[in-house]
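# from the sequence below, what's the structure:
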Amino acid sequence: MEKPAKNTICLWFNGDAEDAARFYAKTFPDSAVSAVHHAPGNYPAGKKGDVLTVEFTVLGIPCLGLNGGPAFKQSEAFSFQVATVDQAETDRYWNAIVGNGGQESACGWCKDKWGLSWQITPIVLTKAITDPDPAVAKRAFDAMMEMGKIDIAAIEAARRG
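Numbers count the residues shown, from 1 in each chain. The predicted structure follows:
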């Protein structure tokens, strides 16, 4: 038997943990659904036999989807930050999340249809806003503040001045 992860992110869903986990597994590399567990008895948000938990990984991070019902909602206080290498990868993830019932936000943030927040963050952006030259970092930061999905060419242009 495989040793369980020492730390697992538990994400609360309202009955659709399996749908979310399967979407993440299809969308991101190094992601998979490893187990679906059904409730052994009735519980506040469901009945015996309903999907209670789903074990999955997102980009190698172990997660547990819990169908806990409507009591708690996802919030921007938790997000997955995905480092992307180029505009094509940035666009692919952004479009998959937003195009599957999600919504755009600002500065590289978007939200999937289950309410989970994602930061689709090109490595170029991270390097630009942490540049040792404060003027370069500020130009890149100011450019990012005007964006929804990150435009790498615009970040690189801001970095150059």
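
# count of neighbours near Lys138?
By other C-beta atoms under 10 Å, the residues close to Lys138 number 13. Quick note: C-beta positions are derived from backbone N, CA and C, even for glycine.

# can you map out the helices along the chain?
All helices of the chain, identified by DSSP state H, fall at 17-27, 87-99, 123-129, 134-145, 152-160.

# which parts of the first one are buried?
Within helix 17-27, the residues scored as buried using 16 or more other C-beta atoms under 10 Å are 17-18, 20-25, 27.

# which residues sit against that helix?
Outside helix 17-27, the residues that touch it by C-beta atoms under 8 Å, 6 or more residues apart in numbering are 11, 13, 31-33, 36, 51, 53-54, 56-58, 63, 65-67, 93, 96-97, 100, 112, 114, 116.

# ok, the longest one next?
For helix 87-99, the surrounding residues in contact (C-beta under 8 Å, 6+ apart) are 27-28, 82, 84, 104, 110-112, 118, 120, 122, 149-153.

# again, 7 Å this time
If you take C-beta atoms under 7 Å, 6 or more residues apart in numbering as the criterion, helix 87-99 is touched by 27, 82, 84, 104, 110, 112, 118, 120, 122, 149-150, 152.

# where does the chain dip in pLDDT?
Across the chain, the ranges flagged by pLDDT under 70 are 1-2.

# tell me the domain boundaries of it?
Following automatic domain parsing, the chain resolves into domains at 8-70, 74-161.

# how near is Pro134 to Ala128?
Computed as C-beta to C-beta, to the nearest Å, the Pro134 to Ala128 distance reads 12 Å.

# any idea how far Arg139 lies from Ala157?
For Arg139, the distance to Ala157 - C-beta to C-beta - is 9 Å.

# look at these two and report which has more neighbours.
Using other C-beta under 10 Å as the criterion, Arg139 and Ala157 rank with Arg139 on top: 20 against 13.

# right, and that one touches Gly161 too?
Yes: contact criterion C-beta atoms under 7 Å: Arg139 and Gly161 qualify, at 6.2 Å.

# so what's Ala35 bridging to?
Listed by DSSP bridges, the beta-bridge partners for Ala35 are Glu55.

# I meant to write Pro122 there.
Under DSSP bridges, the beta-bridge partners of Pro122 are Thr84.

# Asp16: neighbour count?
If we define neighbours as other C-beta under 10 Å, then Asp16 has 15 of them.

# residues contacting the closest residue to it other than its chain neighbours?
Spatial nearest neighbour of Asp16, excluding adjacent residues (C-beta to C-beta, 6 or more residues apart in numbering): Trp114 at 6.3 Å. Going by C-beta under 7 Å, 6+ apart, Trp114 touches 13, 16, 20, 74.
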